[in-house]
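Participant: Provide a 3D model corresponding to the input given below.
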Amino acid sequence: MKPFKTHRQQLTILRSRSLNTGNGSHSMRYLEEENYYNVINGYKGLFLKKDDDGRSFEPEEYIDGAHIDEIFCLFKLDRGLRNIYVKYLLKFESNLKSFIAYRFAEKFKEPNAYLDLNNYSKDSRKIKAVLKTISILSNTISQQVSKKSKNSIDHYVDKHGGVPIWVLVNYITIGNVSYFYSVLDDSLAENIAKDFNTKYNRERKKQQSLLMQRKELESIIKIVNIMRNVCAHEERFYSKKTKDN
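Facilitator: Coordinates of the predicted model:
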C-alpha cells in the first residue's frame, strides 16, 4: 500500500515529474478541497509524455509546459459535463419507469402481477434473469417495509395488502429497471419502445422520425445505467467508453 503523503509532498512529487504547480498555496487549496486521486490520477493522462506505443513513461513525466491548472480545468470541465448530462439521464430514467409501470399494469391487472413468473418472457434462456428480477422486486418491498421511517411502499402494504408497480418502480435502481425491461415479453417491450418513439416524434413535431426497436432500447438503457453511475460517483465522464453502440 502506498504511504500517506501530505498535500505539500504531493506537490513535490508532481514537480519532480516536470509538472508546473504554479502558486503552491493556490494549488494546495485544490488538493485540500478535491481528492488527489480523483483529480490527478483521473485527469493526468492527456498531459503525460508517452512512447511510440502510446504508453506513459515509467516513471511518469509530464509534457513540456504542462501546468497543474490545466489538469484542474479538465477536472472541472468534466464535472460540468456530468452535471449537464445527469439532468437528462434522470429524465430518461423517470420516463422509462413510467412507461414500464403503465404498460405492465395495463397488461397484467391482477395484484402483485410482477411477482408472477408467468408474466414475463417465456424464453428459456431468460429464466434465471426472470427469477432474479422477481427476487429484486420482492426484496425491495421487504427492505422498505422493514425501515423505521414511513414510505409509500409501507403505506400500500398496510392499507391495501400490496404494492402497485407504479409505486414500486420508484424504489428500484436504473440497473434493476434494465433487468426488468430485458425479461419482459416481446409485445410489452415493443410497446414501451413505441412509447419512446411517440414521445420523441411528438416533441420534434415529426421533423425527425424515430423508429426504435426493443434491442436498441435495451442497449440505450445499459448505456444510461453506466453513465448515470459514472455521474453519481464522480468518475471520469468525458472519455468513458461503452461496449454497446
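Participant: Kindly export stretch 21-31 (C-alpha atoms) in CSV.
Facilitator: Output in CSV follows, covering the C-alpha atoms of stretch 21-31 (Å, rounded to 0.1, in the frame of the first residue of the first chain):
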residue,chain,number,x,y,z
THR,A,21,2.5,23.5,-10.0
GLY,A,22,2.3,27.3,-10.1
ASN,A,23,1.3,29.1,-7.0
GLY,A,24,1.9,26.5,-4.3
SER,A,25,-0.7,27.8,-1.9
HIS,A,26,-3.3,28.1,-4.6
SER,A,27,-2.5,24.5,-5.8
MET,A,28,-2.7,23.2,-2.3
ARG,A,29,-6.2,24.6,-1.9
TYR,A,30,-7.2,22.4,-4.9
LEU,A,31,-5.8,19.3,-3.3
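Participant: Give me the distance from that stretch to the chain's centre.
Facilitator: 32 Å (CA atoms, centre = their mean, to the nearest Å).
Participant: List the buried residues in the longest helix anywhere in the chain.
Facilitator: Using DSSP state H to define each element, the chain has its longest helix at helix 68-107. Neighbour-count burial for helix 68-107 flags 68, 70-72, 74-75, 78, 82, 85-86, 89, 93, 96-97, 99-104 (criterion: 16 or more other CB atoms under 10 Å). C-beta here means a position set from N, CA and C on the backbone, and glycine is covered the same way.
Participant: Show me the domain layout of this protein.
Facilitator: Following automatic domain parsing, one finds the domains of the chain at 7-66, 81-232.
Participant: nearest to Lys243, of these?
Facilitator: Lys243 lies closest, by CB to CB, to one member of the domains of the chain: domain 81-232, at 8.5 Å.
Participant: how deep is the closest residue to Lys122 other than its chain neighbours tucked in, by neighbour count?
Facilitator: Excluding the flanking residues, the one nearest Lys122 by CB to CB, 6 or more residues apart in numbering is Asp185, at 7.0 Å. Other residues near Asp185 come to 13 when the count uses other CB atoms under 10 Å.
Participant: what do you get for Gly65?
Facilitator: If we define neighbours as other CB under 10 Å, then Gly65 has 10 of them.
Participant: Kindly report the same for Tyr181.
Facilitator: Tyr181: 22 surrounding residues under other CB under 10 Å.
Participant: Also Tyr30?
Facilitator: 21.
Participant: Helices along this protein, start to end?
Facilitator: Using DSSP H, helices in the chain cover 7-16, 24-33, 36, 42-43, 68-107, 127-146, 152-160, 165-168, 174-182, 186-203, 214-232.
Participant: So Glu216 versus Tyr179, what's the distance?
Facilitator: Remark: distance between Glu216 and Tyr179 (CB to CB, to the nearest Å) = 18 Å.
Participant: more neighbours, the two?
Facilitator: Between Glu216 and Tyr179, counted using other CB under 10 Å, the more crowded position is Tyr179 (18 against 15).
Participant: how much space is there between the closest residue to the more buried one other than its chain neighbours and Gly175?
Facilitator: Spatial nearest neighbour of Tyr179, excluding adjacent residues (CB to CB, 6+ apart): Thr133 at 5.0 Å. Remark: distance between Thr133 and Gly175 (CB to CB) = 11 Å.
Participant: between those two, which one's more packed in?
Facilitator: Thr133 (25 against 16).
Participant: I'd say that one and Asn119 touch.
Facilitator: No. Applying CB atoms under 8 Å as the test, Thr133 and Asn119 come out as separate, 10.7 Å apart.
Participant: The domains of the chain: which one's closest to Ser239?
Facilitator: domain 7-66 (8.2 Å).
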